[in-house]
Each structure stands twice: as structure tokens, then as C-alpha cells.
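> my questions concern the predicted model and sequence given below.
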Amino acid sequence: MTRPASRRTFLQSSAALAAATAAATNLSLARAAETTAPNKGIILKSVKWGMIREKGSLLEKFKLMKELGYDGMELVSPGIGNLTEAALASKTTGMPIHGVVDQVHWRDRLSSPNEATRAKGLAALKRAIQDTKVFGGSAVLLVPGKVSGTSETHDDVWKRSIVEIRKAVPLAAREGVRILIENVWNGFCETPEQLRDYIDEIGSPWVGSYFDIGNVRKFGPPENWIRTLGWRIVKLDVKDWGQKNGFCKIGDGDVDWPEVQKALAEIRFTGWCTAEVRGGGRERLAEIAGRMDEALGL
């Protein structure tokens, strides 16, 4: 004859069942999170400093971006007045400054036919490397020149900029800061093969690609560029572009984001991605964070 379970046994069994159910639920939620955010912790998100239009001190802006879910910041050089204050804001909030943008590369071009202009551009690049070192960052974003008329042909930009960039490589190596070439609408290296060969001709592990996903959509699918550039891609700029609406909010253009995610997984990309879109205040910056999460699985 089977004896009825005691109240104590019943409660123990119920508790065990509840614990097992909770564990299974937590596991299911964890797996769902992995599915919806496969790149969380693998790809880190930040914004360009000029996108932050909320009023406040350097420290207050760092705190805001951390509150909104960003992993770090990208600053500019020159342009941040007090380098020590910025470095302190980073340390206080635990928000790393992963790098800077060379602010004068369009004006003081390394591709200029004028030797003095090229020298100014090189000096600015070196300063950006040193500023990045102060911040504890890892790279400087650089536009190497611009194809312009007969004085700055594609061949001119290629040859002149390589000469100048190589002059900055010893400093980059000493400071542990990489020089990363951004693909932009400057008439230069408008195929992935060209950009690949340009970086390879520079021939330094301290020079790589700061790949802008939206900028190349005009010329072809970004995923094709990603596969061609491969390991040369060190960081990502994130924006969208479409034939009908030009540069637009992330997710509203012609970029096939699932395919971009697939290509990034194929090259085993990990590291920083930085939004480069129209900025704003708290609400707009929160929207950008959400769109980045959805587009890149963060």
C-alpha cells in the first residue's frame, strides 16, 4: 500500500520543482538574449564627441553616455581643451576613451601638393597620436587626403599620403596607438580592393582600416568590403545610407544589417563601433543607442 506524502515531503518537492522551473526559465532567457544580442560584449559601442548636444561638463556628459548604455567615448584632436579633465572624467565613470578623430585632416591634407600643408597635416597627426596616449586610447581616425582636380589625383593621394603616414608610424608604435584609415566620399579608394592594397602598401601593423559601414553603401554592399578588408578592419563607424533618402537614421537606409553582422562574424571582428550620425540631446542619443543595438546585435 502506497503511503500518502507528508506535508514536508510535498513542500520539498514543490520547492525543488520551482527551483528547476526557475533555472530552466533563466536558461531560456539567457539563450534568447544570446540570440537577439549575439555581439553584446564583443562589439562595443560609442559616439563621436560632437554628437553629444546635451549641456553639461565633460564629466556630466560621460555620465550621461554611460547611463544610456554606451561602452565608451571617441574624442577629437585638437578640440578638447583640457586633456587632463577628459582623462579624469573617463577614469571616474569607467568610460574608456577608445580613440580620437584627427580634426584637421580635410584641411591640412597629407595629399596636398603643398609641402608646408603636408607638414602641418603630419604634425596634427602626431599630436592626435599623443593626445590619444594621454586618454589611454588605442587609435586615431585619419582621412589620408582628397582627390581634387589635377593637383591631387588618385595616384597623388596614394603616393603622398603614404610617405607622410610612414613618418608617423614610429611615434604610433612607441605610444601604442594605431593609425586607422577611414573610407569617405573623397574620391579615393572607392573599391574594397583598392583600400586593401593601399593599407598593404603602407606595410605596417600600426596602420589599419577604420571601416565606415554607411559610407561604402553608395559603392556596393558593405558586407563585401568587410570580407575583402578582413583583419585590416580595426574599428567601425556606424551610419546608414540609401538611394532614396541618402544618409539617414541607422536602419532606415539600404544597408543590409543582418548581412553585415554575418560578414563581421566571418572575419571574427571584435572591438569598437562608433555612431557617426546626427546627434542631439538625451532622447536622440538614447534612440541612436537602440538603433545600434538592433543593427549590430548589441
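Good, I have the coordinates. Numbering: from 1, shown residues only.

> ranges for the helices of the stretch 151-298 of the chain?
Under the criterion DSSP state H, counting those that start in this stretch, helices of the stretch 151-298 of the chain are mapped to 154-175, 192-202, 222-229, 257-266, 282-296.

> my bad, should have said the stretch 1-150 of the chain
Applying DSSP H, counting those that start in this stretch to the stretch 1-150 of the chain gives helices spanning 7-36, 58-67, 83-93, 115-135.

> how about the helices of the stretch 151-298 of the chain, which one is nearest residue 133?
Between residue 133 and the helices of the stretch 151-298 of the chain, the tightest spacing by CB to CB is seen for helix 154-175, at 4.3 Å. No exception for glycine: its C-beta is placed from N, CA and C like everyone else's.

> check which helices and strands the closest one is in contact with.
With contacts taken as 3 or more CB pairs under 8 Å, 6 or more residues apart in numbering; DSSP states H and E, helix 154-175 sits against helix 115-135, strand 178-182, helix 192-202, strand 207-212.

> turn these into JSON lines, including mean neighbour count, mean pLDDT and distance to residue 51.
As requested, the helices and strands packed on helix 154-175 are exported to JSON lines (neighbours: other CB atoms under 10 Å; pLDDT from 0 to 100; distance: least, CB to CB, whole Å):
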{"stretch": "helix 115-135", "mean neighbour count": "19", "mean pLDDT": "97", "distance to residue 51": "18"}
{"stretch": "strand 178-182", "mean neighbour count": "23", "mean pLDDT": "98", "distance to residue 51": "16"}
{"stretch": "helix 192-202", "mean neighbour count": "16", "mean pLDDT": "98", "distance to residue 51": "25"}
{"stretch": "strand 207-212", "mean neighbour count": "24", "mean pLDDT": "98", "distance to residue 51": "15"}
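
> can you list those in JSON lines and add distance to residue 99?
Listed next are those as JSON lines, based on distance: least, CB to CB, whole Å:
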{"stretch": "helix 115-135", "distance to residue 99": "6"}
{"stretch": "strand 178-182", "distance to residue 99": "8"}
{"stretch": "helix 192-202", "distance to residue 99": "17"}
{"stretch": "strand 207-212", "distance to residue 99": "9"}
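
> out of these, which gets nearest to residue 144?
Closest approach to residue 144 among the helices and strands packed on helix 154-175 is made by strand 178-182 (5.8 Å; CB to CB).

> off-centre distance for the closest one?
12 Å (CA atoms, centre = their mean, to the nearest Å).

> neighbouring strands of that strand in the sheet, and parallel or not?
Here strand 178-182 has these sheet partners by DSSP bridges: strand 139-142 (parallel), strand 207-212 (parallel).

> pLDDT of the first one, averaged?
Think strand 139-142. Strand 139-142 shows a mean pLDDT of 98.

> re the thing from before, nearest to residue 89, out of the helices of the stretch 151-298 of the chain?
Checking the helices of the stretch 151-298 of the chain against residue 89 by CB to CB gives helix 282-296 as the closest, at 16.6 Å.

> can I get the closest one in CSV? Just the C-alpha atoms.
What follows is helix 282-296, C-alpha atoms only, in CSV (Å, rounded to 0.1, in the frame of the first residue of the first chain):
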residue,chain,number,x,y,z
ARG,A,282,19.3,62.7,-24.2
GLU,A,283,16.3,61.4,-26.2
ARG,A,284,18.1,61.3,-29.5
LEU,A,285,21.2,59.7,-28.1
ALA,A,286,19.1,57.0,-26.5
GLU,A,287,17.5,56.4,-29.8
ILE,A,288,20.9,56.0,-31.5
ALA,A,289,22.0,53.5,-28.9
GLY,A,290,18.8,51.4,-29.5
ARG,A,291,19.3,51.5,-33.3
MET,A,292,22.9,50.5,-32.9
ASP,A,293,21.9,47.6,-30.7
GLU,A,294,19.3,46.4,-33.2
ALA,A,295,21.5,46.8,-36.3
LEU,A,296,24.6,45.1,-34.9
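
> elements contacting it?
For helix 282-296, the helices and strands in contact under the criterion 3+ CB pairs under 8 Å, 6+ apart are strand 43-47, helix 58-67, strand 233-238, helix 257-266, strand 271-275.

> what average pLDDT does it get?
Helix 282-296 comes out with an average pLDDT of 98.

> can you name the residues in contact with it?
The list of residues contacting helix 282-296 from outside it, by CB atoms under 8 Å, 6 or more residues apart in numbering, reads 37, 39, 43, 45, 47, 51-54, 64-65, 68-70, 238, 240, 249-251, 255, 257, 260-261, 264, 273, 275, 277-279, 298.
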